[in-house]
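Visitor: Give me a 3D structure for the following:
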Amino acid sequence: MSVITTISPITQEPILTRPELQASEIPSLLSRAQTAFSTFRYTHNLAQRQAIIRKFLDAVYAQRDALGEEITAQMGRPIRYSAKEVETMVKRGEYLLQISTEALADVPGVAEPGFKRFVRKESVGVVLVLFPWNYPYLTLVNTLVPAILAGNSVILKPSPQTPTIAEHLTTLLLQSGVPEGVIQYIHSADDAVLEKLIQSPEVKLVCFTGSKLGGIKVQKAAVERTIPVVLELGGNDPAYVRGDVDVQWAAEEIVDGAVFNSGQSCCAIERVYVHESIYEEFCEKVVGVVKGYVLGDPRKPETTIGPVVSVASANRIRAEVAQAVGKGAKNITPVGVFEEAEKLGEAFVKIEVLKDCTHEMDIMKNETFGPTIPIVRVSSDDEAIRLMNDSDLGLTASIWTKDVAKGAELVERVEAGTIFVNRCDYPSPDLAWTGWKESGRGVTLGRGGFDSFVKSRSWHLKDYPAGK
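Guide: You can find the predicted model right below:
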């Protein structure tokens with residue numbers, strides 16, 4: 001039997017092992033899911049499913065501290081922040097629960113005497129959800145709650161880095177009243193096994209959150225099927241700081257948006273464009289803000305920046321920084337702030353602040369997924385917009401300005417699924433979360449976030465003729 005091992009980003013020691021799904025186990029896995037689905041959608045109406053989700057969210061919230069500790073142990077986020085992810089997951093789930101009656105309601109046709117026409121939203125069947133390690137609870141709730149509320153059965157595939165999240169949530173759902181087989185989980189890092197699973201006719205929908213490369217693999221696996229594949233992929237998210245802002249405030253906001261969770265967020269700020277009138281001052285303020293961050297053991301409450309997820313990730317981040325400096329960027333990272341903490345292990349990466357960056361550098365072209373702040377000087381709004389759009393990714397973008405109306409006018413020209421003025425790094429549950437360009441396809445969150453988990457059936461009823 002193949003075993004998956006989770007390596008601690010803190011100690012580089014193995015902390016968990018899990019048996020890996022074998023290809024021979026797929027038929028029984030899918031049989032359980034299909035059998036459960038075929039009854040669940042009829043035995044549990046929407047009100048009953050809503051009651052289950054309400055109980056489930058309460059149970060998750062009650063365990064938020066313990067669940068947060070596991071996030072810290074498995075992916076390295078500072079303990080001071082980990083439980084907050086679980087709390088935010090619950091709030092997001094509560095909003096989806098709140099709008100579910102309206103989102104799943106019949107859509108009436110045009111009124112006509114003697115006829116009744118409407119569109120009914122019906123569950124799709126077995127849903128496969130593949131979700132990542134960086135925000136495991138927040139990425140999973142976007143699909144898990146709508147899928148169950150819509151009456152589907154769900155198979156969860158967590159990242160090997162955070163395997164226990166799927167286990168805990170499956171247990172809590174079962175304890176909350178979900179029938180056996182409606183929720184299951186698997187562990188796998190085998191592309192061939194996952195490809196076979198995706199190609200199985202019982203699977204009617206695949207939801208993937210992760211890298212662009214991972215999303216393309218999922219898409220290729222499903223290429224000979226006509227099932228929907230929802231992809232929430234990476235971002236190379238730009239921010240533009242106009243010359244009219246309070247520079248200290250903007251520096252604080254930009255640093256937080258770039259390095260929280262060690263920059264390991266699909267909607268973290270990856271590129272910063274600053275108007276030349278405040279460029280030097282902004283760079284100085286950023287350095288000052290960075291000095292207030294504490295790189296260290298994430299299990300300690302004073303730590304604000306923990307390790308990145310792996311040594312391989314750390315090496316890739318450092319290589320991009322070195323390449324940028326080699327191509328002319330100036331490294332203005334404060335000296336003497338992080339060096340001692342970097343000795344804690346190879347995955348402990350300091351915040352790196354680079355000025356005078358250009359689009360010839362990998363750090364500006366790639367989703368670095370690390371605590372980096374590459375800064376570019378621009379001379380006009382038009383130049384900023386042009387550079388912000390110079391990417392094949394388009395998840396989010398932000399503009400920072402006192403003139404909110406002008407900010408809205410400018411940010412509308414940016415090619416991204418979510419656009420912000422004076423905010424960043426926040427998927428709002430009442431809005432569509434969707435990627436433009438190569439950042440994915442499909443929608444989660446908001447009312448439209450339920451649409452992937454249902455199929456439409458048109459009903460056309462005509463009165464029987466009188467006297468016949």
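Visitor: From here on, just use CA atoms for contacts and neighbour counts.
Guide: Noted.
Visitor: Please enumerate the helices of the stretch 201-350 of the chain.
Guide: All helices of the stretch 201-350 of the chain, identified by DSSP state H, counting those that start in this stretch, fall at 212-221, 247-259, 279-290, 311-326, 339-342.
Visitor: helices or strands up against the third one?
Guide: Applying 3 or more CA pairs under 8 Å, 6 or more residues apart in numbering; DSSP states H and E, one finds that helix 279-290 makes contact with helix 247-259, strand 352-355.
Visitor: Ok, which of those comes nearest Trp433?
Guide: With CA to CA as the criterion, Trp433 lies closest to helix 247-259 of these, at 17.6 Å.
Visitor: mind listing what's buried in the closest one?
Guide: By neighbour count with 16 or more other CA atoms under 10 Å, helix 247-259 contains the buried residues Val247, Ala250, Ala251, Glu253, Ile254, Val255, Asp256, Gly257, Ala258, Val259.
Visitor: again, but for stretch 8-16
Guide: By 16+ other CA under 10 Å, the buried positions in stretch 8-16 come out as Ser8, Pro9, Ile10, Thr11, Leu16.
Visitor: Is there a neighbour count for the nearest residue to the last one once chain neighbours are set aside? I'd like the number.
Guide: Put plainly, it is Leu16. Of all residues not flanking Leu16 in the chain, Thr6 sits nearest, at 5.1 Å (CA to CA, 6 or more residues apart in numbering). Counted by other CA atoms under 10 Å, the residues lying close to Thr6 total 20.
Visitor: what do you get for Glu122?
Guide: Neighbours of Glu122 (other CA under 10 Å): 19.
Visitor: Write down the beta-bridge partners of it, one by one.
Guide: Assessed by DSSP bridges, Glu122 has beta-bridge partners Lys455.
Visitor: ok, now which ones touch it?
Guide: Ala150, Gly151, Val454, Lys455, Ser456, Arg457 (CA atoms under 8 Å, 6 or more residues apart in numbering).
Visitor: Farthest pair within those?
Guide: Farthest pair in these (CA to CA) is Gly151 and Arg457. Separation: 15.1 Å.
Visitor: These two - which one has more neighbours?
Guide: Gly151 (27 against 12).
Visitor: Tell me which of the buried residues of stretch 8-16 fall in strands.
Guide: Judged by DSSP state E, the subset of those located in strands is Leu16.
Visitor: nearest to Thr372, of the buried residues of stretch 8-16?
Guide: Ranked by distance to Thr372 (CA to CA), the buried residues of stretch 8-16 are led by Pro9 at 18.4 Å.
Visitor: hang on, isn't that closest one packed against Ala314?
Guide: No - look at Pro9 against Ala314 with CA atoms under 8 Å: they stay out of range, at 10.2 Å.
Visitor: Mutual contacts of those two, please.
Guide: Common neighbours of Pro9 and Ala314 (CA under 8 Å, 6+ apart) are Val308, Ala347.
Visitor: follow-up on the earlier one: just give me the closest of the contacts of Glu122 to Thr226.
Guide: Lys455 (13.2 Å).
Visitor: can you pull the contacts of that closest one?
Guide: Lys455 makes contact with Lys121, Glu122, Ser123, Val124, according to CA under 8 Å, 6+ apart.
Visitor: Take those residues and lay them out in a markdown table including pLDDT and distance to Leu205.
Guide: Listed next are the contacts of Lys455 as a markdown table, based on pLDDT from 0 to 100; distance: CA to CA, whole Å:
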| residue | pLDDT | distance to Leu205 |
| --- | --- | --- |
| Lys121 | 97 | 15 |
| Glu122 | 97 | 13 |
| Ser123 | 98 | 11 |
| Val124 | 98 | 7 |
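Visitor: Compare the residues you listed and tell me which is most surrounded.
Guide: For those, neighbours tallied by other CA under 10 Å; top is Ser123, 24 neighbours.
Visitor: Could you pull up the contacting residues of it?
Guide: With CA under 8 Å, 6+ apart, Ser123 has these contacts: Arg41, Ala150, Gly151, Asn152, Phe453, Val454, Lys455.
Visitor: what does Arg386 give?
Guide: No contacts exist for Arg386 under CA under 8 Å, 6+ apart.
Visitor: Could you look up the SS state of it?
Guide: helix (DSSP: H, G, I helix; E, B strand; the rest coil).
Visitor: Could you report the pLDDT at it?
Guide: Per-residue pLDDT puts Arg386 at 98.
Visitor: what's the spacing between it and Gly177?
Guide: Applying CA to CA, to the nearest Å, the value for Arg386 to Gly177 is 52 Å.
Visitor: And for Lys437?
Guide: 40 Å.
Visitor: before we move on, what about Ser439?
Guide: Distance, Ser439 to Gly177, using CA to CA: 36 Å.
Visitor: Which one of these two is surrounded by more residues?
Guide: Ser439 (25 against 15).
Visitor: quick one, what contacts the more buried one?
Guide: Lys212, Leu231, Glu232, Leu233, Gly234, Gly235, Leu393, Gly394, Leu395.
Visitor: The third one: what's it in contact with?
Guide: Looking back up the chat, that one is Glu232. Applying CA under 8 Å, 6+ apart, the residues near Glu232 are Phe208, Thr209, Gly210, Gly215, Thr434, Gly435, Ser439, Gly440, Arg441, Gly442.
Visitor: Which pLDDT value goes with the fifth one?
Guide: Read it as Thr434. Among the per-residue scores, Thr434 shows a pLDDT of 97.
Visitor: Likewise for the fourth one?
Guide: Residue-level confidence at Gly215 comes out at 97, pLDDT.
Visitor: That one - nearest residue in space that isn't next to it in sequence?
Guide: Leu231 (6.2 Å).
Visitor: mind checking how far the one you found is from Lys330?
Guide: From Leu231 to Lys330 the distance is 36 Å (CA to CA).
Visitor: Mind checking which of the two has more residues around it?
Guide: Leu231 (28 against 16).
Visitor: so who does the more buried one touch?
Guide: Going by CA under 8 Å, 6+ apart, the list of residues near Leu231 reads Cys207, Phe208, Thr209, Gly215, Ser439, Gly440, Arg441, Gly442.
Visitor: still on that earlier bit, looking at the helices and strands packed on helix 279-290, which is nearest to Ile186?
Guide: Closest among these, using CA to CA: helix 247-259, at 31.5 Å.
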